[in-house]
Each structure stands twice: as structure tokens, then as C-alpha cells.
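Chemist: Quick one, structure for this:
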Amino acid sequence: MQKIRVLVANRPRLMRELVLATMAEQPDIEVVGEAHSDSEITELVDKTRPDFLIIALEDREQHPSLCGFLLGRYPGMRILAVSSGHEESTYYWAFVDIRSRAVPTSEAGILGAMRDFAGHSFVSN
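Modeler: Numbering: from 1, shown residues only. Predicted coordinates:
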């Protein structure tokens, strides 16, 4: 059985220890690392490549700034932002949107499509 790989990066320490204790009791989950500060998170994600990153949710109105960067780099990873002061936590993931456009099957059509993409003028259907 493949285990779910989890990196825990919660602050404060008590919250992180509670999350770690919960994970330790799960036979299908492996904690691959623990970040004690925000500055360690990116390096540990690069090193451990977790399936899930568990972080603290400080402001429910906006996603943690690290989410966009990490999900852009690792779109298969999931981020669970745990809130200590609220009834709900927040789950983040990336969704790759595949877009297309018909182009003529000709030298001009193919070269034009590549040049449009290079110029960032591609409009999707």
C-alpha cells in the first residue's frame, strides 16, 4: 500500500504537535518532514515532494501567499491550511486548465500558432 506523504508546517508549536500526533496514528500516512518556520517550507517541499502540505491558516479571507508559488511548482501537491480559531480549515489544490484553438494544417498555420504563443496572444475557445 502506497502511503500518503505529508509535510507538516504548522505554527504554533502546540498545533503542529497535535497534527503530528494525529498523523502518527494513521497507518496509511507517512510524515516526511516537519517545518518549524515558514522559511523552511519551500526547501522541505523541494526535498521531500509531499502529497500534502499542512500549514497554519491565519486569515480565512485570503489564501496563504505560499500557496500560489508552491502549487505552481508542484501542481500535484495538495495544501491543507488548518485553522486553530475556527470550525473550518481550507483545502487548496491546483487545477490545470487545458485550452485549445484550431489552426490550419499548413506551414503558415503551424508557424503562426507558434508565433502567437511566443507573443502571448493566444486566445482560447
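Chemist: okay, CA-based contacts and neighbour counts for the rest of this
Modeler: Will do.
Chemist: Assign a three-state SS to the residue positioned nearest the centre of the chain, would you?
Modeler: Nearest to the mean C-alpha position of the chain, by C-alpha atoms, centre = their mean, lies Leu71 at 3.3 Å. Put simply, Leu71 is helix when judged by DSSP: H, G, I helix; E, B strand; the rest coil.
Chemist: Just the element for Arg115, please.
Modeler: Per DSSP states H and E: Arg115 is located in helix 107-118.
Chemist: Pull out the buried positions in that helix.
Modeler: Ala113 (16 or more other C-alpha atoms under 10 Å).
Chemist: Check stretch 36-56 too.
Modeler: For stretch 36-56, by 16+ other C-alpha under 10 Å, it's Ile41, Leu44, Val45, Arg49, Pro50, Asp51, Phe52, Leu53, Ile54, Ile55, Ala56.
Chemist: What about those, which are in strands?
Modeler: Phe52, Leu53, Ile54, Ile55, Ala56 (DSSP state E).
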